[in-house]
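Asker: I'll drop the sequence and a predicted model, then ask my questions.
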Number of protein chains: 2
Amino acid sequence: MRCLMRLKANGLETVSSQALSSAAGVKPTQLRKDLTYFGQFGTRGLGYDVNQLTEMIAEVLGTNTLQPVVLIGVGNLGKALISYKGFEREGFEIVSAFDANPGVVALGKFMEIPVRPMDEIPKVLSEHQVRMAILCVPVEAAQSIVNVLIENGVTGILNFAPIVLLTPEGVTVNNVNLAIELENLSYFIQEHAPSSDETSDSDPTDGD
Amino acid sequence: MRCLMRLKANGLETVSSQALSSAAGVKPTQLRKDLTYFGQFGTRGLGYDVNQLTEMIAEVLGTNTLQPVVLIGVGNLGKALISYKGFEREGFEIVSAFDANPGVVALGKFMEIPVRPMDEIPKVLSEHQVRMAILCVPVEAAQSIVNVLIENGVTGILNFAPIVLLTPEGVTVNNVNLAIELENLSYFIQEHAPSSDETSDSDPTDGD
DNA sequence: TAGATTGTTAATCGATTAACAATC
DNA sequence: TAGATTGTTAATCGATTAACAATC
């Protein structure tokens, strides 16, 4: 998607699996095979229409319309995520933040992204039809908040608390554990590690 | 590793691949196979010695001794990471932070983790024999800082800037891209997505 | 029509797992 | 010795890739 965006910004209208895959660092066959999983979008002899492909991927990702998201827990990390511009750029809108600390709520009341007390979660979720939440609360609070979120229609959780969340079928959890990221790195700089050959993003698989 | 820690905390001295794997959410065979990649640590008929296995894994991960780490870029995210206690618990020590903004440096001069100006990077890295860095600077600054880091002996970078870093062979980059995490989640809450079956951590593969 | 590039088949490769002999 | 559980082999499964017919 990001490669396509770049092509689009440069005015390209058409791209071959060859060109796009090399930009993305994968093999052309891989790219074509993956795309056909969702349908047929290319033109033989020509390649793919950049606009059409962009739109199709946005639709698959669910980012073609602005996705409302809430953020729970306005500590250091929460604040950092609120001010992160990347979410918006990719089609997400943090409609509200929540915090258990009245002081934090008072301070955040009139911010661009308002901070509300926890008991307003149900109201806000139903008002904005929110289905995704970013969770940056302490481990102790995580599970009970998740229960509330799920009761109120959330089906996707980006979880920063280092704990395995229990969720019913149909709810997806993506865990981001920064300590694990660092451990992983640590492993690869040890001499016994088979030297890794490609720079790549973390790719979370995810949750029941 | 985290499962083992928990067993240890509970006074368990021995664990079977069966028990450990179910705690970790993988199959017993998988666990045994993976462990043998590093050697033979079990006792047939008995299982694995928790202490011995813990130690072996810590060694493989390189977390048996405290790993010195530096953090570059003390913005919102940088601050959040500095105050994150998880790193220390897992065997990492942020020995210093760095920032390009003199104001940030002035403020952070006498913090528990000191904030220093960028030009002191070489001195600090060699003094503490630092091999790992956490990068949370703006995209524009990322590559040039990475060059400095590598020149001064860093071989592992945890990168939060949404950019593909160019690094020589032997340097590992782990990218954490929060927008991608959210996109991934978004995909799975769409109806067309094959419902995912397991909650799991992001597992970064990594970099040349 | 000739050249290009897709979508798809079949071959290859690697990773997971069941089964079991080794052995505590 | 009998029961348990490892380490390892061989079978299975799924994912990647090469090759190519379809077709723009």
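Answerer: Thanks, I have the structure now.

Asker: three-state assignment of the residue nearest the centre of chain A?
Answerer: Taking Cα atoms, centre = their mean as the criterion, A:Leu158 is the residue nearest the geometric centre of chain A, at 7.1 Å. When classified by DSSP: H, G, I helix; E, B strand; the rest coil, A:Leu158 comes out as strand.

Asker: contacting residues around the residue lying closest to it once chain neighbours are set aside?
Answerer: Distances taken as Cβ to Cβ, 6 or more residues apart in numbering or on different chains place A:Ile134 nearest to A:Leu158, at 4.7 Å, with adjacent residues excluded. Every residue, glycine included, has its C-beta placed from N, CA and C. Applying Cβ atoms under 8 Å, 6 or more residues apart in numbering or on different chains to A:Ile134 gives the contacts A:Val69, A:Val70, A:Leu71, A:Ile72, A:Leu81, A:Ile94, A:Ile157, A:Leu158, A:Phe160, B:Leu182.

Asker: for the last one, grab the count of nearby residues.
Answerer: B:Leu182 has 25 neighbours, counted by other Cβ atoms under 10 Å in any protein chain shown.

Asker: ok, it - contacts?
Answerer: Contact analysis of B:Leu182 by Cβ under 8 Å, 6+ apart lists A:Val69, A:Phe87, A:Glu90, A:Phe92, A:Met132, A:Ile134, A:Leu158.

Asker: look up how far A:Leu35 lies from A:Pro28.
Answerer: A:Pro28 sits 11 Å away from A:Leu35, going by Cβ to Cβ, to the nearest Å.

Asker: cool, and A:Lys8?
Answerer: Separation of A:Lys8 from A:Leu35 (Cβ to Cβ) stands at 17 Å.

Asker: point me to the residue of chain A nearest DNA strand D.
Answerer: At 2.2 Å from DNA strand D, A:Gly45 is the closest residue in chain A, using Cβ to the nearest atom of the strand.

Asker: that older thread, now the contacts of A:Ile134 in JSON lines, with distance to DNA strand C?
Answerer: Output for these, formatted as JSON lines (distance: Cβ to the nearest atom of the strand, whole Å):
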{"residue": "A:Val69", "distance to DNA strand C": "31"}
{"residue": "A:Val70", "distance to DNA strand C": "34"}
{"residue": "A:Leu71", "distance to DNA strand C": "33"}
{"residue": "A:Ile72", "distance to DNA strand C": "33"}
{"residue": "A:Leu81", "distance to DNA strand C": "31"}
{"residue": "A:Ile94", "distance to DNA strand C": "35"}
{"residue": "A:Ile157", "distance to DNA strand C": "24"}
{"residue": "A:Leu158", "distance to DNA strand C": "24"}
{"residue": "A:Phe160", "distance to DNA strand C": "25"}
{"residue": "B:Leu182", "distance to DNA strand C": "25"}
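
Asker: can you tell me the helix or strand for A:Tyr48?
Answerer: A:Tyr48 belongs to strand A:47-49 when assigned by DSSP states H and E.

Asker: so is that strand next to DNA strand C?
Answerer: Yes. Interface with DNA strand C: strand A:47-49 contributes A:Gly47, A:Tyr48 (Cβ under 7 Å from any atom of the strand).

Asker: show me what the helix or strand that comes right after that strand is packed up against.
Answerer: Going down the chain from strand A:47-49, the next helix or strand is helix A:50-61, by DSSP H and E. Counting contacts by 3 or more Cβ pairs under 8 Å, 6 or more residues apart in numbering or on different chains; DSSP states H and E, helix A:50-61 is packed against helix A:2-9, strand A:14-15, helix B:178-189.

Asker: what does helix A:50-61 contact?
Answerer: Residues from elsewhere that reach helix A:50-61 (Cβ under 8 Å, 6+ apart): A:1, A:4-5, A:7-8, A:12-15, A:35, A:38-39, A:41, A:64, A:91, B:183, B:186-187, B:190, B:192.

Asker: check contacts around A:Val95.
Answerer: Listed by Cβ under 8 Å, 6+ apart, the contact set of A:Val95 reads A:Pro68, A:Val69, A:Val70, A:Ile113, A:Val124, A:His128, A:Val130.

Asker: just the CA trace of whatever helix or strand the first one lives in, in PDB.
Answerer: So the one you mean is A:Pro68. Element membership for A:Pro68 (DSSP H and E) is strand A:67-72. What follows is strand A:67-72, C-alpha atoms only, in PDB (Å, rounded to 0.1, in the frame of the first residue of the first chain):
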ATOM      1  CA  GLN A  67     -12.000   4.300  10.900                       C
ATOM      2  CA  PRO A  68     -13.000   5.700  14.300                       C
ATOM      3  CA  VAL A  69     -10.700   4.500  17.100                       C
ATOM      4  CA  VAL A  70     -10.500   5.100  20.800                       C
ATOM      5  CA  LEU A  71      -7.400   5.100  23.000                       C
ATOM      6  CA  ILE A  72      -7.500   3.900  26.600                       C
END
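
Asker: hmm, which helix or strand of chain A has the shakiest average pLDDT?
Answerer: Here the helix or strand of chain A ranked lowest by mean pLDDT, DSSP states H and E is strand A:200-204, holding a mean of 47.

Asker: which stretches of chain A have low pLDDT?
Answerer: Per-residue confidence for chain A (pLDDT under 70) gives these ranges: A:192-208.

Asker: give me that answer again for 50
Answerer: A:197-200, A:203-208 (pLDDT under 50).

Asker: return the distance of the longest strand anywhere in it from the chain's centre.
Answerer: Longest strand in chain A by number of residues (criterion: DSSP state E): strand A:92-99. Relative to its parent chain, strand A:92-99 has a centroid offset of 14 Å by Cα atoms, centre = their mean, to the nearest Å.

Asker: give the buried residues for that strand.
Answerer: By 16 or more other Cβ atoms under 10 Å in any protein chain shown, the buried positions in strand A:92-99 come out as A:Phe92, A:Ile94, A:Val95, A:Ser96, A:Ala97, A:Phe98, A:Asp99.
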